[in-house]
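Sharing a model prediction with you, sequence too.
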Amino acid sequence: MLRNGVAVPPCSSGDGSTTPDPCIAKREALPDGDFRFSVRTSAASTWGLAFTGASLSGEVTFQGRGNSGDARWAVSLSVTYLQTNSSTVVATATVTTSNTGQFAVGAMTPGPYDVVVKYPQGLSRKALALSFTAGSATQHSFGVQRTGDVDNNDLVDIVDFSRLRAAFGGATTCANTSPMPNPCADLDANGLVDIVDFSLLRSNFGQSGPT
Ligand SMILES: [Ca+2]
Ligand SMILES: [Ca+2]
(Lines give C-alpha, C1' and ligand atoms only; values in the text may rest on other atoms or scores of the structure.)
(Ligands and ions follow the chains in the order given, each with its own letter.)
Protein backbone atom coordinates (compact mmCIF):
# COMPACT_ATOMS: atom_id res chain seq x y z
CA MET A 1 0.00 0.00 0.00
CA LEU A 2 1.44 3.37 -1.02
CA ARG A 3 0.62 6.97 -0.11
CA ASN A 4 1.97 9.52 -2.58
CA GLY A 5 4.29 6.74 -3.82
CA VAL A 6 5.70 5.87 -0.39
CA ALA A 7 5.04 2.49 1.27
CA VAL A 8 2.73 2.73 4.29
CA PRO A 9 3.98 0.90 7.42
CA PRO A 10 1.76 -1.19 9.70
CA CYS A 11 0.18 0.53 12.71
CA SER A 12 2.45 0.18 15.72
CA SER A 13 -0.26 -0.08 18.35
CA GLY A 14 -3.47 -2.06 18.56
CA ASP A 15 -5.42 0.68 20.33
CA GLY A 16 -6.89 2.20 17.19
CA SER A 17 -4.52 5.18 17.10
CA THR A 18 -3.00 6.43 13.88
CA THR A 19 0.60 5.68 14.77
CA PRO A 20 2.54 6.23 12.63
CA ASP A 21 0.43 8.49 10.42
CA PRO A 22 -0.65 6.97 8.06
CA CYS A 23 -0.54 3.28 8.96
CA ILE A 24 -2.10 0.00 7.86
CA ALA A 25 -4.40 -1.38 10.54
CA LYS A 26 -5.46 -4.56 8.82
CA ARG A 27 -4.78 -6.65 5.69
CA GLU A 28 -7.38 -9.27 4.78
CA ALA A 29 -7.69 -11.87 2.05
CA LEU A 30 -11.41 -12.14 1.26
CA PRO A 31 -13.14 -15.39 0.24
CA ASP A 32 -13.75 -14.11 -3.33
CA GLY A 33 -10.00 -13.61 -3.89
CA ASP A 34 -9.93 -9.86 -3.25
CA PHE A 35 -7.73 -8.20 -0.68
CA ARG A 36 -8.94 -5.53 1.75
CA PHE A 37 -6.62 -3.01 3.38
CA SER A 38 -7.68 -0.85 6.31
CA VAL A 39 -5.59 2.31 6.53
CA ARG A 40 -5.69 5.01 9.20
CA THR A 41 -4.67 8.49 8.18
CA SER A 42 -5.19 12.11 9.20
CA ALA A 43 -4.84 13.49 5.67
CA ALA A 44 -6.32 12.93 2.23
CA SER A 45 -3.72 11.66 -0.21
CA THR A 46 -3.11 9.79 -3.44
CA TRP A 47 -3.21 6.10 -2.59
CA GLY A 48 -1.79 3.27 -4.63
CA LEU A 49 -0.96 -0.40 -4.54
CA ALA A 50 2.42 -1.95 -5.35
CA PHE A 51 3.13 -5.59 -6.00
CA THR A 52 6.30 -7.05 -4.57
CA GLY A 53 7.13 -9.95 -6.86
CA ALA A 54 9.29 -12.98 -6.34
CA SER A 55 12.48 -13.37 -8.34
CA LEU A 56 14.98 -16.02 -9.37
CA SER A 57 18.72 -15.81 -8.89
CA GLY A 58 20.13 -18.73 -10.84
CA GLU A 59 23.38 -20.26 -11.92
CA VAL A 60 24.44 -22.64 -14.69
CA THR A 61 27.76 -24.06 -15.83
CA PHE A 62 28.83 -24.86 -19.37
CA GLN A 63 30.55 -27.71 -21.11
CA GLY A 64 33.27 -27.06 -23.72
CA ARG A 65 33.35 -23.29 -23.17
CA GLY A 66 36.32 -23.06 -20.85
CA ASN A 67 36.11 -22.32 -17.15
CA SER A 68 33.94 -19.94 -15.15
CA GLY A 69 34.90 -16.38 -16.07
CA ASP A 70 35.36 -17.20 -19.76
CA ALA A 71 33.55 -14.74 -22.05
CA ARG A 72 31.96 -17.75 -23.80
CA TRP A 73 29.85 -18.36 -20.66
CA ALA A 74 27.76 -15.29 -21.51
CA VAL A 75 24.91 -16.79 -23.53
CA SER A 76 21.24 -16.26 -24.12
CA LEU A 77 19.31 -18.53 -21.75
CA SER A 78 15.60 -19.29 -21.91
CA VAL A 79 13.83 -19.65 -18.57
CA THR A 80 10.42 -21.33 -18.45
CA TYR A 81 8.16 -21.45 -15.40
CA LEU A 82 5.76 -24.38 -15.37
CA GLN A 83 2.98 -25.40 -13.04
CA THR A 84 4.47 -28.07 -10.82
CA ASN A 85 4.17 -31.62 -12.19
CA SER A 86 2.71 -30.22 -15.38
CA SER A 87 3.69 -29.08 -18.86
CA THR A 88 1.56 -25.94 -18.51
CA VAL A 89 3.73 -22.87 -19.07
CA VAL A 90 3.08 -20.05 -16.62
CA ALA A 91 5.73 -17.61 -17.82
CA THR A 92 8.86 -17.44 -19.94
CA ALA A 93 11.86 -15.14 -19.96
CA THR A 94 15.08 -14.83 -21.91
CA VAL A 95 18.12 -13.66 -19.98
CA THR A 96 21.85 -13.37 -20.64
CA THR A 97 24.14 -15.23 -18.29
CA SER A 98 27.22 -13.53 -16.88
CA ASN A 99 30.65 -14.94 -17.72
CA THR A 100 30.40 -16.89 -14.48
CA GLY A 101 27.02 -18.38 -15.41
CA GLN A 102 24.87 -16.23 -13.13
CA PHE A 103 21.50 -14.91 -14.18
CA ALA A 104 18.49 -13.21 -12.65
CA VAL A 105 14.82 -13.15 -13.59
CA GLY A 106 12.60 -10.40 -12.22
CA ALA A 107 9.15 -10.15 -10.74
CA MET A 108 7.09 -13.30 -10.72
CA THR A 109 3.88 -14.20 -8.93
CA PRO A 110 4.83 -16.08 -5.74
CA GLY A 111 4.25 -19.83 -5.67
CA PRO A 112 5.92 -23.13 -6.38
CA TYR A 113 7.02 -23.70 -9.98
CA ASP A 114 9.02 -26.19 -11.96
CA VAL A 115 11.67 -24.15 -13.78
CA VAL A 116 13.43 -25.16 -17.02
CA VAL A 117 16.55 -23.42 -18.35
CA LYS A 118 18.10 -23.93 -21.79
CA TYR A 119 20.59 -22.22 -24.06
CA PRO A 120 20.39 -22.89 -27.82
CA GLN A 121 23.14 -25.56 -28.02
CA GLY A 122 22.47 -27.17 -24.65
CA LEU A 123 20.24 -29.85 -23.16
CA SER A 124 17.79 -28.22 -20.77
CA ARG A 125 17.81 -28.61 -17.00
CA LYS A 126 14.71 -28.64 -14.86
CA ALA A 127 14.33 -27.77 -11.18
CA LEU A 128 11.25 -29.25 -9.53
CA ALA A 129 8.94 -27.29 -7.25
CA LEU A 130 11.14 -24.27 -6.61
CA SER A 131 9.50 -22.06 -4.01
CA PHE A 132 9.07 -18.35 -4.83
CA THR A 133 8.22 -15.87 -2.09
CA ALA A 134 7.16 -12.25 -2.47
CA GLY A 135 9.99 -9.81 -2.08
CA SER A 136 12.80 -12.34 -2.11
CA ALA A 137 15.07 -14.00 -4.66
CA THR A 138 15.03 -17.78 -4.88
CA GLN A 139 18.57 -19.08 -5.35
CA HIS A 140 19.16 -22.17 -7.45
CA SER A 141 22.06 -23.84 -9.25
CA PHE A 142 20.79 -25.62 -12.34
CA GLY A 143 24.05 -27.42 -13.00
CA VAL A 144 25.90 -28.16 -16.21
CA GLN A 145 24.35 -27.35 -19.56
CA ARG A 146 25.41 -30.37 -21.63
CA THR A 147 26.22 -29.29 -25.17
CA GLY A 148 25.69 -30.79 -28.62
CA ASP A 149 22.16 -29.70 -29.49
CA VAL A 150 23.11 -28.05 -32.79
CA ASP A 151 19.48 -27.57 -33.90
CA ASN A 152 18.06 -26.56 -30.50
CA ASN A 153 15.40 -29.27 -30.13
CA ASP A 154 16.60 -30.52 -26.71
CA LEU A 155 17.92 -33.77 -28.14
CA VAL A 156 21.44 -34.68 -29.31
CA ASP A 157 21.03 -37.09 -32.19
CA ILE A 158 21.92 -37.93 -35.78
CA VAL A 159 20.35 -34.70 -37.04
CA ASP A 160 22.78 -32.65 -34.94
CA PHE A 161 25.62 -34.80 -36.26
CA SER A 162 24.50 -34.17 -39.85
CA ARG A 163 24.34 -30.42 -39.25
CA LEU A 164 27.79 -30.45 -37.73
CA ARG A 165 29.18 -32.51 -40.58
CA ALA A 166 27.70 -30.06 -43.11
CA ALA A 167 29.51 -27.17 -41.41
CA PHE A 168 32.71 -29.11 -40.64
CA GLY A 169 35.96 -27.28 -41.35
CA GLY A 170 34.29 -23.90 -41.73
CA ALA A 171 34.63 -20.65 -39.84
CA THR A 172 31.49 -19.24 -38.24
CA THR A 173 30.42 -16.51 -35.85
CA CYS A 174 27.12 -18.25 -35.01
CA ALA A 175 28.02 -19.12 -31.42
CA ASN A 176 28.79 -15.49 -30.62
CA THR A 177 25.77 -14.02 -32.39
CA SER A 178 22.65 -13.05 -30.44
CA PRO A 179 20.13 -14.45 -31.04
CA MET A 180 22.09 -17.52 -32.06
CA PRO A 181 21.28 -18.73 -35.59
CA ASN A 182 19.89 -22.25 -35.89
CA PRO A 183 21.68 -24.52 -36.57
CA CYS A 184 24.96 -23.60 -34.89
CA ALA A 185 27.59 -26.34 -34.73
CA ASP A 186 30.40 -24.32 -33.14
CA LEU A 187 29.82 -25.90 -29.74
CA ASP A 188 32.93 -24.50 -28.04
CA ALA A 189 32.33 -21.05 -29.56
CA ASN A 190 35.86 -20.67 -30.92
CA GLY A 191 34.76 -19.55 -34.38
CA LEU A 192 35.50 -22.83 -36.14
CA VAL A 193 33.59 -26.10 -36.58
CA ASP A 194 36.12 -28.86 -36.06
CA ILE A 195 36.99 -32.09 -34.27
CA VAL A 196 36.61 -30.47 -30.85
CA ASP A 197 32.95 -29.71 -31.59
CA PHE A 198 32.49 -33.23 -32.88
CA SER A 199 33.93 -34.67 -29.66
CA LEU A 200 31.61 -32.52 -27.56
CA LEU A 201 28.59 -33.66 -29.55
CA ARG A 202 29.65 -37.28 -29.33
CA SER A 203 30.00 -37.07 -25.54
CA ASN A 204 26.25 -36.40 -25.24
CA PHE A 205 25.02 -38.34 -28.23
CA GLY A 206 21.60 -39.89 -27.65
CA GLN A 207 20.84 -37.72 -24.64
CA SER A 208 17.93 -35.34 -24.26
CA GLY A 209 16.58 -32.72 -21.90
CA PRO A 210 15.30 -31.75 -19.54
CA THR A 211 17.14 -33.51 -16.74
CA1 LIG B 1 19.10 -31.62 -31.60
CA1 LIG C 1 34.44 -24.91 -32.42
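Right, received. Where do you want to start? Ligands and ions are numbered 1, 2, ... in the order given.

quick one: terminal-to-terminal distance for stretch 41-60?
Counting by CA to CA, to the nearest Å, you get 48 Å between the two ends of stretch 41-60.

Please read the previous query as pertaining to stretch 12-29.
Distance across stretch 12-29, first residue to last, is 21 Å (CA to CA).

Residues in contact with it: which ones?
Residues from elsewhere that reach stretch 12-29 (CB atoms under 8 Å, 6 or more residues apart in numbering): 1, 3, 8-11, 35-43, 45. C-beta: built from backbone N, CA, C; applies to glycine.

If we use 10 Å, what do you get?
Applying CB atoms under 10 Å, 6 or more residues apart in numbering, the external contacts of stretch 12-29 come out as 1, 3, 6-11, 34-43, 45, 47.

and stretch 95-105, how far apart are its ends?
So stretch 95-105: terminal residues 7 Å apart, CA to CA.

I meant stretch 28-40, not that one.
Using CA to CA, the distance between the terminal residues of stretch 28-40 is 15 Å.

Please list which of the contacts of stretch 12-29 also come close to ligand 2.
Checked against ligand 2 using CB under 5 Å from the ion, the contacts of stretch 12-29 give no members in range.

and these, which are buried?
Met1, Arg3, Val8, Cys11, Val39, Arg40 (16 or more other CB atoms under 10 Å).

Could you pull up the contacting residues of Asp188?
Contacts for Asp188 (CB under 10 Å, 6+ apart) come out as 62-66, 72, 121, 147, 175, 194, 196-197, 199-200.
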